[in-house]
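**Student:** Any chance you can model this:
(chains A, B, C and D)
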Protein chains: 2
Amino acid sequence: MSVGIRHDDLRRRNRAMVISAVRRAGQPSRTEIAATTGLSHSTISAISSDLIGEGILSESKAGEAVSLKRGRPQVGLALNPEAAAVLTVVLSLNFLSVAVIDYAGQVIAEEQRRLDTLTMPRDELIGECTAIVRRRLEDPDLDVQSIARIALAIQGITDSHARAMLWSPITPQTNIAFADILEAEFGIPATMENDCNMMAVALRWRDPNRYRDDFIAILLSHGIGMGLVLKGELFTGTHSSGGEFGHMIHRPGGALCRCGRRGCVEAYAGNYAIWRNARQMGEDAEPVADVSDADMRALAVRAREADGPEREAYRKAGEALGFGLGSLFALIDPAPVAMVGVSAGAFDLIEPALREAIAQTAGGQHSGSISFDTEPNELPLIREGCAMRALSFVDQEIFAPGIQAKPGKKDVA
Amino acid sequence: MSVGIRHDDLRRRNRAMVISAVRRAGQPSRTEIAATTGLSHSTISAISSDLIGEGILSESKAGEAVSLKRGRPQVGLALNPEAAAVLTVVLSLNFLSVAVIDYAGQVIAEEQRRLDTLTMPRDELIGECTAIVRRRLEDPDLDVQSIARIALAIQGITDSHARAMLWSPITPQTNIAFADILEAEFGIPATMENDCNMMAVALRWRDPNRYRDDFIAILLSHGIGMGLVLKGELFTGTHSSGGEFGHMIHRPGGALCRCGRRGCVEAYAGNYAIWRNARQMGEDAEPVADVSDADMRALAVRAREADGPEREAYRKAGEALGFGLGSLFALIDPAPVAMVGVSAGAFDLIEPALREAIAQTAGGQHSGSISFDTEPNELPLIREGCAMRALSFVDQEIFAPGIQAKPGKKDVA
DNA sequence: CAGTATTTTTTCGAGGCTCGAAAAAATAGA
DNA sequence: TCTATTTTTTCGAGCCTCGAAAAAATACTG
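**Tutor:** Presented below is the predicted three-dimensional model:
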């Protein structure tokens, strides 16, 4: 069951804590770290001295921060960019993108590629991914010792161990153990992440004030996805990446969903559903494979111009999202929401019906106080999330090795 | 943010771990504890020697376990029943029940009382609760030094800090800070728990094989409640006890719910809803205040005898529960379910429609493999859960004091 | 410009904790 | 009674964190 704390875990944990304090705060002084971690100055001094000696941290040179106070000036600690590097791979519909990130989080190389994911056979899809990674790894211009970690994000369902893609809308292939494949190919630890979870991770780094312990990132794209952070931790299902918000049931037996079932939220709010309703094709019409972002933007323009089927389509999307969020709020209580993706650009069309629907649900008491942010472009977010995730792995597992995942697992009681 | 690990936390954590190992395992030997916690024999020896010296543990006398092996026989460690005692209070519709539990988990005194919670004014409701607790505390027959903790469970919504009842179906009163009231009155630390959460806690202690890391306890009673354990921890909302499964939306704009909204799962599956449908009163009919368990059982008998409105009412309940569970499973993946409460006794009438509905949802792939247990009597479960919760508090906060709630809060990344 | 005040960082010894190895204790079999 | 075996305790070694004091580095002051 639960496992005791060994004596050497102590140092390792506190090492990890110092590293993470530096990553979060930018250039904190030893004193600041002592304050935020609650550890003594002596401990912080010892640990940071170790970390500097190992080339993980470095003292930020020069008094760029002109100290106005008396006394010995604080010397900031920074992550040493050369301590390590990680690689991110984002696989989305017809698009593959990789980036190499240094230890301090800066992009030092990238490559992008269009490909036809929907029709590509399994081997070719895997081959494209490994090939693009190989090109980055073998690039002579890149003077990076070695890549410490690869994080790969994909639209769709991944398993809860972050090893495999189970199902994805961007390809008919299923069960591809990308993490294992990349590890076997390059001998670099890799993980397979869900795109919406990475969005949530990135939001938390971008705006820790708004997105702290509990929040929701919803991807409004061809499909509907969700990344959920609860009590400061990414929420995943018990077996899969979970959080399949788009496939909560909005209307039992209702509109035909891309997943083959009926009445899912996505079957009203996904791009294909908005498109279908705007064109008055009927709820049983087979979902189209793809609607371009340009077409969706044009649709939104028409919806804003005049009341008609386009506007009604967005209204229905808002209603489905509202009732879905209402059900979600019944379970987790209301929390800040970020709407991401092309249809987040049409949130003005969605919001009224959404709020009206939420008001009819258990979360409705606070309907007015729930705030929505919008971010029409999901790709940068996903990339950032992957980078932070990979870097955090390096922080914790490579530079503070040996920590058990969960220390003393608390009993339920 | 996150807080470092101090040196003395180490001992405290490991103390708590030993206590919890003993509580879980019954009468484990030092060697067994060393094996399950991963700590060394020397450490376990030192800690258990301390704990015995403090009267928290005791060596279980006499070789009741006739050792068949060679070698020095193991000596089992047990919780010392007299180390402490806790008090549980369960407040449900028209019924108040308290029990005093010794440190080993045995009930050593109890008292129950009928009262009219629905019409009782606020002060009187609070007064009844404090009075019954006072009677138990002042009972001269009870030779318990002192009560170390009170856990009070109520049907309804509590706040996430376990201090107050926010709303309850058993009384028109709202926002009663029972935990604070009891603490002020008796000077004993108290918590206010949600009844369904306590059911989940109890199930985990009763059958740790089936109910381990991820499971769902659903209360099928006048209302519909849920206790949810995910990744080994009780799941609560961000502000409230959360998990308001009964108020997820089944059919937007549908049947009238007791909460005043429309289309909630409860508005189809709560006793009042089954009753309303069985009597063909229409979905807009005002929910009745209470249906007796006897009436519900009679209803189930009629539903089994012949196809008619009674059977149809249970079918609709099953459908609502099935779609609700389907949406829940979309978020958390399928997990074992325990159906608790009087209508769990009619689960044979509910199950077919429930499974049919689940099969139409995202959780549906595994529809067949999802297993349901039934337990018609919720009260003993709630009481047990309260007892275990209070005892665990004593284990962790009194006998291993000073532990920070969450050690190194892991970053999302 | 030297001296003082102030703040940050390092150093050093004390105290605690866990660990491994060895010793002690307690039993079954020979 | 002696030996093998298993459990439990004892003891010294090695770390780790902490507090206090020292050292370092700067701004102020007259």
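**Student:** Can you give me the domain assignment for chain A?
**Tutor:** A:7-79, A:83-199+A:380-398, A:244-370 (automatic domain parsing).
**Student:** show me the contacts for residue A:356.
**Tutor:** Residue A:356 sits next to A:318-319, A:322 when contact means CB atoms under 8 Å, 6 or more residues apart in numbering or on different chains. No exception for glycine: its C-beta is placed from N, CA and C like everyone else's.
**Student:** That one - that's part of a strand, no?
**Tutor:** No: under DSSP: H, G, I helix; E, B strand; the rest coil, residue A:356 sits outside any strand and is assigned helix.
**Student:** contact partners of the one helix or strand residue A:299 maps to?
**Tutor:** Following DSSP states H and E, one finds residue A:299 within helix A:293-305. Helix A:293-305 is contacted from outside by A:271, A:274-275, A:278, A:308, A:310-311, A:313-314, A:342-343, A:345-346, A:348-349, using CB under 8 Å, 6+ apart.
**Student:** what are the ranges of the helices in the stretch 51-200 of chain A?
**Tutor:** A:122-138, A:178-186, A:195-206 (DSSP state H, counting those that start in this stretch).
**Student:** Can you list the helices and strands that the first one packs against?
**Tutor:** Spelled out, it's helix A:122-138. If you count contacts as 3 or more CB pairs under 8 Å, 6 or more residues apart in numbering or on different chains; DSSP states H and E, helix A:122-138 packs onto strand A:85-92, strand A:95-102, strand A:107-114, strand A:147-154, strand A:174-176, helix A:178-186.
**Student:** which parts of stretch A:222-231 are buried?
**Tutor:** A:222-230 (16 or more other CB atoms under 10 Å in any protein chain shown).
**Student:** Using TSV, please lay out the contacts of residue A:356 together with distance to residue B:118.
**Tutor:** Formatted as TSV, those follow (distance: CB to CB, whole Å):
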residue	distance to residue B:118
A:318	39
A:319	36
A:322	33
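**Student:** Pick out the residue in the stretch 151-300 of chain A sitting closest to DNA strand C.
**Tutor:** The stretch 151-300 of chain A approaches DNA strand C most closely through residue A:208 (22.8 Å), counting by CB to the nearest atom of the strand.
**Student:** In contact with that residue, which residues?
**Tutor:** residue A:24.
**Student:** Find me the pLDDT at it, would you?
**Tutor:** If you check residue A:208, the pLDDT there is 93.
**Student:** what about it, which SS state?
**Tutor:** coil.
**Student:** Dihedrals phi and psi, it?
**Tutor:** Backbone torsions of residue A:208, given as degrees, to the nearest 10, read phi -70, psi -20.
**Student:** For residue B:250, find the nearest of the helices and strands packed on helix A:122-138.
**Tutor:** strand A:174-176 (30.5 Å; CB to CB).
**Student:** That closest one vs chain B: in contact?
**Tutor:** No: taking CB under 8 Å from any CB of the partner chain as the criterion, strand A:174-176 and chain B are apart, separated by no less than 12.0 Å.
**Student:** Which strands or helices does the longest helix seen in chain A pack on?
**Tutor:** The single longest helix within chain A, with elements called by DSSP state H, is helix A:309-332. Packing partners of helix A:309-332 (3+ CB pairs under 8 Å, 6+ apart): strand A:215-220, strand A:224-230, helix A:266-269, helix A:271-278, helix A:293-305, helix A:347-359, helix B:309-332.
**Student:** And the pLDDT at the residue of the stretch 51-200 of chain A found nearest DNA strand D?
**Tutor:** Residue of the stretch 51-200 of chain A nearest DNA strand D, by CB to the nearest atom of the strand: residue A:72 (3.3 Å). Listed pLDDT for residue A:72 reads 85.
**Student:** Please tell me how far it sits from residue B:91.
**Tutor:** 60 Å (CB to CB, to the nearest Å).
**Student:** which one of the helices of the stretch 51-200 of chain A is the most hemmed in?
**Tutor:** helix A:195-206 (a mean of 27; mean count of other CB atoms under 10 Å in any protein chain shown).
**Student:** Report pLDDT for residue A:371.
**Tutor:** In this model, residue A:371 carries a pLDDT of 88.
**Student:** Do I have it right that it meets residue A:338?
**Tutor:** No: using CB atoms under 8 Å, residue A:371 is not in contact with residue A:338; the gap is 9.6 Å.
**Student:** Next, the contact list for the closest residue to chain B within the stretch 51-200 of chain A, please.
**Tutor:** Residue nearest to chain B within the stretch 51-200 of chain A (CB to the nearest CB): residue A:200, separated by 7.2 Å. Residue A:200 makes contact with A:211, A:215-217, A:227-229, A:234, A:385, B:412 under the criterion CB under 8 Å, 6+ apart.
**Student:** one more time with 10 Å, if that's ok
**Tutor:** By CB atoms under 10 Å, 6 or more residues apart in numbering or on different chains, the contact set of residue A:200 is A:194, A:211, A:215-218, A:226-229, A:234-235, A:243, A:338, A:340, A:381, A:385, B:412.
**Student:** Let me know how buried residue A:165 is, in neighbour terms.
**Tutor:** 27 (other CB atoms under 10 Å in any protein chain shown).
**Student:** what sits against the residue of the stretch 51-200 of chain A closest to DNA strand D?
**Tutor:** So residue A:72 contacts nothing (CB under 10 Å, 6+ apart).
**Student:** Can I get the helices and strands packed on helix A:122-138 in TSV including distance to residue B:357 and mean pLDDT?
**Tutor:** Formatted as TSV, the helices and strands packed on helix A:122-138 follow (distance: least, CB to CB, whole Å; pLDDT from 0 to 100):
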stretch	distance to residue B:357	mean pLDDT
strand A:85-92	33	96
strand A:95-102	37	96
strand A:107-114	42	94
strand A:147-154	30	96
strand A:174-176	25	96
helix A:178-186	34	97
